[in-house]
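Q: Sequence and predicted structure below; questions after.
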Amino acid sequence: MEADLIIRGGTVLPMAPGREPIPDGAVAVRSGAIVAVGPAAELATIGGAAEVLDAGGGLILPGFVNTHTHLAMTLIRGVAEDLPLKEWLEDHIWPTERALMTADTVALGTRLAAAESLQAGVTCVCDMYFHAERVIDEVVKAGLRAVVPESLIDFATPSCPTPDIALARQRELLERYGNHPLVVPAVAPHSPYSVSAANLVKEAELAEEFGAPLIIHVAETRWEVEKIGAEKGVTPVAYLADLGILSDRTVAAHCVHVSEADLELLGEFEVGIASNPVCNLKLASGLAPLPQMLARELKVAFGTDGAASNNTLDLLRDAQLASLVYKGISGDPTVMPARTVVEMLTVGGARVLGLSDRIGTLEPGMRADVICLALDRPRAVPAYDAFSHLAYAARAADVCHVVVDGRIVVRDRALLTVDVPSLLAEVREATEAARARISQ
């Protein structure tokens, strides 16, 4: 057996069923795929001119999977604050996007988001935005794995004047990127309240034709539930089920206000649920019933949402906050145990996005999306239990190495694929121009 990259010098968390942490473990990679995982001593005989990435006594685990975000919204981080979602979205965000989000600004915001994500240990994201071709260009150059749709709403978006044009763009994406090594093209109707039933059905038919993910916001606020209930006589989840929108390829973002019957439907159709606890808390939308979802063994994992509603793309922070909040509101300290939280960050996220056949675990045959977290700071020592450390003590700043599809994209905390100083200078310049346009 030969390898072109060996990641060693730390405790390996395979995250595969039945696999426990491997002290002094190693991961061998060849042509972007994992070829061996085990004790470093056993992998020492692997041949080839392998490059060695040393974890320095830290943790080696699958990259984090952000199941719901809007990458380019990094450029409007902090634009509208302390507002309920409907007012925030309709009175501030949508007008700002119409004013600012050209193809070039989407590309710039996506590049910033890719840099932030990779340095935080996120190796795969599920985006939901506009100008998808430019998004794809940026994530590929940065080395970030991504599910990328062209979003559809029943009014003009920054990239598509009409829903029909959005549908045509989605078809082009699905045809062009169907076999891309890093990108999974998708369709994305915004929500049950912003897309007509006819267009929702068209989206589902297109996703079915290509076997593609369908990404949609669902039951994010009480207002949405009341609106759909008044107009359709059912909950948003039941409405989507009646229309034939739900399937095992659906990624339903939020699912905050869902009933027991809704949970039953989500399980029946094997829908992936992208929970966004920080965004939902900040907008006072509520909290999804994660413990009940987990008890039903639904596919559920974490997302950050966009940086305009979360303010960061630090998925580890979101997971850690969720692990504490649910303990607090339930009065049960056994809720959201550490290992479950880490599973949701990794293999759980892969399941939600339909990618568990290629990422989420460290096993032979899987693509090599691997991160290393250092244990070299006073707050990180001692680390008796790797899962406890990740769920309660680790920080995104501890991410020291990141590998995506076998390519080293972060080494010793430095991002290798993006010129960060130049990027930040460009973002600051764009921000000054944005201030002037927003104030008009």
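A: In hand now; what should we look at? Small disclaimer: the values here were computed from a predicted structure and weren't measured.
Q: Centre-most residue in the chain?
A: residue 66 (1.7 Å; CA atoms, centre = their mean).
Q: quick one: contacts for it?
A: Applying CB atoms under 8 Å, 6 or more residues apart in numbering to residue 66 gives the contacts 117, 122, 124-126, 302-304, 313, 315, 349. The C-beta positions use only the backbone N, C-alpha and C, and glycine is treated the same way.
Q: let's go with 6 Å and repeat that
A: 122, 125, 303-304, 315 (CB atoms under 6 Å, 6 or more residues apart in numbering).
Q: Now do the same for the nearest residue to residue 126 once chain neighbours are set aside: helix, strand or coil?
A: Ranked by CB to CB, 6 or more residues apart in numbering and with sequence neighbours excluded, the top spatial neighbour of residue 126 is residue 147, at 4.3 Å. Three-state call for residue 147 (DSSP: H, G, I helix; E, B strand; the rest coil): strand.
Q: cool, and residue 278?
A: On the basis of three-state DSSP, residue 278 is classed as helix.
Q: doesn't residue 309 make contact with it?
A: No - assessed by CB atoms under 6 Å, residue 278 is found out of contact with residue 309, at 8.5 Å.
Q: ok, the two, which is more surrounded?
A: The neighbour comparison of residue 278 against residue 309 (other CB atoms under 10 Å) goes to residue 309, with 26 against 23.
Q: Which residue is the nearest non-sequential neighbour of the more buried one?
A: Nearest non-adjacent residue to residue 309 (CB to CB, 6+ apart): residue 279, at 4.4 Å.
Q: cool, residue 117 as well?
A: residue 313 (5.1 Å).
Q: Export the contacts of residue 66 to TSV and append columns for pLDDT.
A: Formatted as TSV, the contacts of residue 66 follow (pLDDT from 0 to 100):
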residue	pLDDT
122	99
125	99
303	98
304	98
315	98
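Q: I'd like the residues you listed as a markdown table, with neighbour count appended.
A: Formatted as a markdown table, the contacts of residue 66 follow (neighbours: other CB atoms under 10 Å):
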| residue | neighbour count |
| --- | --- |
| 122 | 31 |
| 125 | 32 |
| 303 | 29 |
| 304 | 31 |
| 315 | 28 |
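Q: which of those residues lies closest to residue 73?
A: Taking CB to CB as the measure, residue 73 lies nearest residue 304 of the contacts of residue 66, at 10.3 Å.
Q: quick revisit: just flag the most distant two among the contacts of residue 66.
A: Greatest spacing in these, by CB to CB: 122 and 303 (10.4 Å).
Q: any chance you could map the helices in the stretch 251-400 of the chain?
A: Secondary structure of the stretch 251-400 of the chain (DSSP state H, counting those that start in this stretch): helices at 260-268, 277-282, 290-295, 315-330, 338-345, 347-352, 386-388.
Q: Let me know which of those is the nearest to residue 72.
A: helix 277-282 (16.0 Å).
Q: Which elements pack onto the closest one?
A: Packed against helix 277-282 by the contact rule (3 or more CB pairs under 6 Å, 6 or more residues apart in numbering; DSSP states H and E) you find helix 315-330.
Q: what's in contact with the helix it packs on?
A: 64, 66, 122, 277-278, 290-291, 302, 304, 333, 335-336, 341, 345, 391, 396.
Q: I'd like the distance between residue 324 and residue 45.
A: 44 Å (CB to CB, to the nearest Å).
Q: about what we covered before: so the residue nearest to residue 309 is in contact with residue 310, correct?
A: Yes - Residue 279 is within contact range of residue 310, at 4.8 Å (criterion: CB under 6 Å).
Q: Low-confidence stretches in the stretch 101-250 of the chain?
A: For the stretch 101-250 of the chain, no stretch has pLDDT under 70.
Q: now the helices: where do they sit in it?
A: Using DSSP H, counting those that start in this stretch, the helices of the stretch 101-250 of the chain run over residues 103-119, 132-142, 163-177, 197-210, 222-232, 236-243.
Q: any chance of those helices in JSON lines, with distance to residue 368 and mean neighbour count too?
A: Formatted as JSON lines, the helices of the stretch 101-250 of the chain follow (distance: least, CB to CB, whole Å; neighbours: other CB atoms under 10 Å):
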{"stretch": "helix 103-119", "distance to residue 368": "15", "mean neighbour count": "24"}
{"stretch": "helix 132-142", "distance to residue 368": "17", "mean neighbour count": "22"}
{"stretch": "helix 163-177", "distance to residue 368": "21", "mean neighbour count": "18"}
{"stretch": "helix 197-210", "distance to residue 368": "27", "mean neighbour count": "17"}
{"stretch": "helix 222-232", "distance to residue 368": "40", "mean neighbour count": "15"}
{"stretch": "helix 236-243", "distance to residue 368": "36", "mean neighbour count": "22"}
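Q: Could you pick out the longest helix of this protein?
A: When the chain is parsed with DSSP state H, its longest helix is helix 420-439.
Q: in the longest strand along the chain, what's buried?
A: Criterion DSSP state E: the longest strand present in the chain is strand 51-62. Neighbour counts over strand 51-62 (16 or more other CB atoms under 10 Å) mark 53, 55, 58-62 as buried.
Q: Can you lay out these as TSV showing pLDDT and distance to residue 406?
A: Shown next, in TSV, are the buried residues of strand 51-62 (pLDDT from 0 to 100; distance: CB to CB, whole Å):
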residue	pLDDT	distance to residue 406
53	97	11
55	98	16
58	98	20
59	98	19
60	98	14
61	99	16
62	99	13
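Q: any chance of the residues you listed in JSON lines, plus distance to residue 195?
A: Shown next, in JSON lines, are these (distance: CB to CB, whole Å):
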{"residue": "53", "distance to residue 195": "44"}
{"residue": "55", "distance to residue 195": "45"}
{"residue": "58", "distance to residue 195": "45"}
{"residue": "59", "distance to residue 195": "42"}
{"residue": "60", "distance to residue 195": "42"}
{"residue": "61", "distance to residue 195": "37"}
{"residue": "62", "distance to residue 195": "34"}
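Q: And those, which is closest to residue 15?
A: Closest to residue 15, out of all of these and judged by CB to CB, is residue 62, at 5.3 Å.
Q: Would you mind measuring from the residue nearest to that closest one when sequence neighbours are not counted to residue 279?
A: Spatially, and ignoring its direct neighbours in sequence, residue 62 is nearest to residue 346 (4.3 Å; CB to CB, 6+ apart). From residue 346 across to residue 279, the span is 21 Å (CB to CB).
Q: Compare these two and say which is more crowded by neighbours.
A: Legend: neighbour count by other CB under 10 Å for residue 346 and residue 279, higher for residue 346 (28 against 25).
Q: Spit out the contact partners of that one.
A: Residue 346 sits next to 15, 62, 360 when contact means CB under 6 Å, 6+ apart.
Q: what's the answer for residue 61, then?
A: Neighbours of residue 61 in contact, by CB under 6 Å, 6+ apart: residue 13.
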